[in-house]
Structure formats: structure tokens, C-alpha cells
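S.K.: 3D, please:
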Amino acid sequence: MTKAIELARLYPQCTRRETFRVLGAGAAMVGLATGSALAQRDNETVLMEAMVLRDPDIPVAGNPDGDITIVEYFDYQCPYCRKIEPEIRKVVQDDGKVRLVLKDWPILGEVSVIAARMALASKYQDKFIQAHEALIGVSSKLTEPRIRELLAGAGIDLDRLNRDLATNAKTIDAIIARNGDQAVAFAFRGTPSFIVGKFRVPGILTMAQFDQVIADARKAAANKQ
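M.R.: Okay, here's the model as predicted:
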């Protein structure tokens, strides 16, 4: 029995293909959008492997030189994203060779968009990770004043944040837009959803299951060398 079949059992509501598929090279990733509105909007490059795994506009957590990349599509108001965050952090720390790319996919309303934009603006202070941890680590409801309070508590300069939001609005909004385009193209149904190496994982895994899919991704990468 393959690992893909074992993992598919975690998601009985989905087909095996929907649950856990091996992605091909960049061209195959682009092919996911063929015939869709994404392709019609000339956004094929957004779905290339380089943009999914190594978007230069998104800071990297974990080991930036790691051999496997985990991409998480998340929403700061998603309770499941909040719940799984400590486990993902531990998996990444314990492994030591994982790049973690955190992609805002604000699908739960206007406050989610505000939180995503403010967190991404914090990268211009080199404090995206601090902003992310402050917002994803809270259990209370988010409001714009609460977001600002949390960011200030994480050491974010709010005056500079406001300036960076205004100056870099187009860049920030473009990041959020292409994150959303990718999530839709991958047929993700909600947050959190993941790409691990070249495996698509649309849902929550345990730490042991994350370890397993990381191992499978490394094996798949080695077999292609």
C-alpha cells in the first residue's frame, strides 16, 4: 500500500486524486489552470513551481536553505490554522531542513484581508515572522484595533506599517491575489491547506503524518535525480 493511499484515508470525503497528488514540474503545475479563468487572465506564471514554492515576495520561515518546502495557505481567523500552528512549528524545528512558506489566503471576511495586508506590510521592517506569530497565536476574535494591538506588542512600528501599507499596496495586494489564484487552481476547499515538496495536502495532518509526507517528498525528489 502506498503512502498516498494511506493519507487518502484521512480524507474520506475527497477522492484520492483530490486528497493527495504528486505535482509535476513547472509546466504541469501551470496545466492545473488550463481552460480556467486563471489561464484566461494570463496568470500562468503564478502557478509555476518557482512561484508556488519560491515566491520571492514572501519571507521564508524555518531553514531558508532546506531541501523540502512546505507551503501553507492559511487565514488568520481560521481556528484550525491557529490550532495546527504550534505543531507545524515543531515539525519544522525538529526536522531542521524544511523551508516554510506562509501564504495568506484571507477567505473569512474583511478582517482576514486586513490582517493579511498588515502582516505582509511588516516584512518591510523584517518582522513578518513576528507579525505572523502574533496574529496566528491569538485565540480571541480579530478586529482591526486588536490586530494593531497585537502587532505593536510584537515590536512592529505601526507608523512605519501605515506608510509601508500605502507605499506597497499594489505589491501586497498582488501577493494575496496570486496566493488565492494558486489555492483555487489546486482545488483547495479551505484553510489550512498545504503543498509539501510536490505533494498536495488539502487539510490538517498530525505531526507524525507531516513527518511521513516530508519523508515521502524527499524520497520522490531523490528518485527524480
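S.K.: if I look at Gln212, how far off is Tyr73?
M.R.: Noted for Gln212: a distance of 20 Å to Tyr73, by CB to CB, to the nearest Å. For the C-beta atoms, the positions are set from N, CA and C on the backbone; glycine is no exception.
S.K.: who has more neighbours out of these two?
M.R.: Counted by other CB atoms under 10 Å, Gln212 and Tyr73 do not tie: Tyr73 has more neighbours, with 25 against 16.
S.K.: pairing partners for the helix or strand in which that one is found, with directions?
M.R.: Per DSSP states H and E: Tyr73 is located in strand 68-74. Its sheet considered, strand 68-74 pairs with strand 98-104 (parallel), strand 193-196 (antiparallel) by DSSP bridges.
S.K.: now those as TSV including distance to Gly137?
M.R.: Converted to TSV, the strands paired with strand 68-74 look like this (distance: least, CB to CB, whole Å):
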stretch	distance to Gly137
strand 98-104	13
strand 193-196	19
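S.K.: quick one: Gly66 and Val98 touch, right?
M.R.: Yes - counting by CB atoms under 8 Å, Gly66 touches Val98, with 4.8 Å between them.
S.K.: quick one: low-confidence parts of the protein?
M.R.: 1-47, 225 (pLDDT under 70).
S.K.: gap between the residue lying closest to Gly137 once chain neighbours are set aside and Leu102?
M.R.: Counting by CB to CB, 6 or more residues apart in numbering, Glu85 is the residue found nearest to Gly137 once chain neighbours are left out, at 6.8 Å. Counting by CB to CB, the gap from Glu85 to Leu102 is 10 Å.
S.K.: neighbour count winner among the two?
M.R.: Per other CB under 10 Å, whichever of Glu85 and Leu102 has more neighbours is Leu102, with 24 against 18.
S.K.: give the full set of residues in contact with the more buried one.
M.R.: Ile58, Pro59, Ala61, Glu72, Phe74, His132 (CB atoms under 8 Å, 6 or more residues apart in numbering).
S.K.: for Ile175, what are its contacts?
M.R.: Asp55, Asp57, Ile58, Asp104, Leu120.
S.K.: skip the chain neighbours and tell me the closest residue to the third one.
M.R.: I take that to be Ile58. Counting by CB to CB, 6+ apart, Val101 is the residue found nearest to Ile58 once chain neighbours are left out, at 5.8 Å.
S.K.: how many residues are close by that neighbour?
M.R.: By other CB under 10 Å, the residues close to Val101 number 20.
S.K.: repeat that for the one 3 residues further on.
M.R.: Neighbourhood size, Asp104 [other CB under 10 Å]: 26.
S.K.: ok, for it, nearest residue in space, not its chain neighbours?
M.R.: Ala116 (3.6 Å).
S.K.: what sits against that neighbour?
M.R.: For Ala116, the contact set (CB under 8 Å, 6+ apart) comprises Asp75, Tyr76, Asp104, Pro106, Ile176.
S.K.: same thing with Asp65?
M.R.: Taking CB under 8 Å, 6+ apart as the test, what Asp65 contacts is Arg99.
S.K.: bridged to the spatially most central residue of the chain, which residues?
M.R.: Per CA atoms, centre = their mean, the C-alpha nearest to the average position across the chain is that of Glu72, at 2.5 Å. Residues in a beta bridge with Glu72, per DSSP bridges, are Leu102, Phe194.
S.K.: surely it and Asp104 touch.
M.R.: No - the criterion here is CB under 8 Å, and Glu72 misses it with Asp104 at 9.8 Å.
S.K.: okay, now Lys224: neighbour count?
M.R.: Lys224 has 8 neighbours, counted by other CB under 10 Å.
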